[in-house]
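S.K.: return atomic coordinates for the entry below.
(one chain, ligands or ions: 3)
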Amino acid sequence: MSTNKIKITIVPGAACGGCDVSLANLGERLLEATELVDIVFWPTVADFKLEDLKNLDHIDIGIFIGSIRLEKHAEAAKILREKAKFVVAYGTCACYGGIFGLGNLSTREELLKKVYLNTPTTENPEEKIPGQKVVINGVDVTPPRLTEWNLPLNNIVTVDLYVQGCPPIEDSINHFYEVLVSYAKNRKPFEKGMMIPGAKTLCDICPRKKPEKIVIEKFRRVHEGPIDDELCFLAQGIICLGPITVAGCGASCIKANMPCRGCLGPPADIIDRAGKFISTIASLVEIEREKELSDEELMRIVQEIVDPVGTFHRFTFSSGVINKKQEDAKK
Ligand code: SF4
Ligand code: SF4
Ligand code: SF4
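M.R.: Ligands and ions are numbered 1, 2, ... in the order given. Below you'll find the model as predicted:
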């Protein structure tokens with residue numbers, strides 16, 4: 001083993017496995033990279049325990065996949081930060097909390113009660129809930145405890161590089177691979193806070209026709225009538241998160257005649273994603289009649305949007321500035 005190789009770890013938080021698969025999509029390049037890189041911890045592909053992470057003397061690049069939803073995820077993240085020169089949040093869950101963030105609409109206790117006690121098919125007469133201490137034959141086998149809230153990685157530790165996507169796809173993986181190889185060859189540090197894929201929005205690369213002025217008279221959902229497959233979704237009254245989503249997927253949903261749900265997360269310069277989108281939408285609603293409409297009429301049009309939190313914040317609720325509960329959790 002060359003002593004010049006850099007050491008990489010891939011540490012999972014609350015994750016579905018998709019981000020691991022996306023890294024595995026490096027395919028042969030992953031094997032080529034072993035000339036430059038030692039992957040010294042990756043529990044998804046080999047039997048590693050937290051102790052193994054603790055026992056590493058140093059890490060060059062620590063990749064974290066998934067959000068923080070268990071206390072042991074937070075512990076792993078802190079160990080990673082302590083040992084790694086650079087910490088990478090890989091995938092939308094690590095960057096923004098991901099789809100699990102919608103769990104922050106309920107408290108931890110509400111979630112546990114719902115899942116382990118109150119669903120119609122649950123039989124749990126002793127009311128056992130994960131997180132309670134369990135000792136079997138004198139051995140402590142207490143299951144992992146949920147954190148109070150689902151959190152993105154940067155709520156726990158400082159992050160040096162963000163790779164967006166649920167999961168990151170080809171262009172972002174290629175870009176990330178180049179960054180890794182460049183670091184392995186030249187030891188050139190990352191630009192701190194760097195985001196992959198970049199700063200353009202999906203609208204910037206979208207092939208659909210965008211009218212100069214969009215006026216939304218009524219919102220509708222994709223199943224409510226025909227969709228013009230060449231016209232901008234917003235111009236058809238269908239919510240599309242293109243204006244607040246970073247371009248990096250090649251507009252794959254748009255090309256399949258489906259609006260963007262925002263799975264890559266926002267470009268670097270948008271901090272409050274939902275706030276930005278709501279203000280964009282408000283400026284499009286009946287713009288020409290805006291002065292004639294009462295506040296109630298404007299509100300009625302906006303209220304036609306079904307499930308606003310799930311619509312605007314499906315992948316980023318844990319990191320939105322309107323997420324008061326998550327803000328409280330940081331105190
Ligand atoms: S970002 Fe998406 S693909 Fe990656 S772990 Fe989260 S849910 Fe899975
Ligand atoms: S809102 Fe959606 S459909 Fe319209 S230009 Fe932007 S990405 Fe394309
Ligand atoms: S179009 Fe939107 S939802 Fe679809 S893959 Fe791209 S960023 Fe994700």
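S.K.: how close does K7 get to H313?
M.R.: Relative to H313, K7 is positioned 36 Å away (C-beta to C-beta, to the nearest Å). Every residue, glycine included, has its C-beta placed from N, CA and C.
S.K.: which non-adjacent residue is nearest R261?
M.R.: Excluding the flanking residues, the one nearest R261 by C-beta to C-beta, 6 or more residues apart in numbering is R314, at 5.6 Å.
S.K.: pop out the phi and psi values for the one you found.
M.R.: When read as degrees, to the nearest 10, the backbone of R314 gives phi -50, psi -40.
S.K.: which of K7 and H313 has more neighbours?
M.R.: H313 (25 against 19; other C-beta atoms under 10 Å).
S.K.: so the more buried one touches G101, yeah?
M.R.: Yes. Using C-beta atoms under 8 Å, H313 makes contact with G101 at a distance of 7.5 Å.
S.K.: look through the stretch 1-150 of the chain and state the residue closest to ligand 3.
M.R.: Nearest to ligand 3 in the stretch 1-150 of the chain, going by C-beta to the nearest ligand atom, is T92, at a distance of 8.8 Å.
S.K.: so what's that residue closest to, chain neighbours aside?
M.R.: C166 (4.1 Å).
S.K.: next one: K85
M.R.: D60 (5.3 Å).
S.K.: where's the residue nearest to R261 relative to ligand 1, distance?
M.R.: 11 Å (C-beta to the nearest ligand atom, to the nearest Å).
S.K.: is stretch 60-72 positioned near ligand 1?
M.R.: Yes. Residues of stretch 60-72 contacting ligand 1 under C-beta under 6 Å from any ligand atom: I65, G66.
S.K.: pull that stretch out as PDB, backbone CA atoms only.
M.R.: Extracted in PDB, the C-alpha atoms of stretch 60-72 (Å, rounded to 0.1, in the frame of the first residue of the first chain):
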ATOM      1  CA  ASP A  60      -8.200  12.900   4.700                       C
ATOM      2  CA  ILE A  61     -11.700  13.100   3.300                       C
ATOM      3  CA  GLY A  62     -14.700  12.100   5.400                       C
ATOM      4  CA  ILE A  63     -17.800  11.700   3.300                       C
ATOM      5  CA  PHE A  64     -21.100  11.700   5.200                       C
ATOM      6  CA  ILE A  65     -24.200  10.200   3.600                       C
ATOM      7  CA  GLY A  66     -27.700  10.800   5.000                       C
ATOM      8  CA  SER A  67     -29.200  13.100   7.700                       C
ATOM      9  CA  ILE A  68     -28.800  13.000  11.400                       C
ATOM     10  CA  ARG A  69     -31.800  11.200  12.900                       C
ATOM     11  CA  LEU A  70     -30.100   8.900  15.500                       C
ATOM     12  CA  GLU A  71     -27.900   9.900  18.400                       C
ATOM     13  CA  LYS A  72     -25.200   7.600  17.000                       C
END
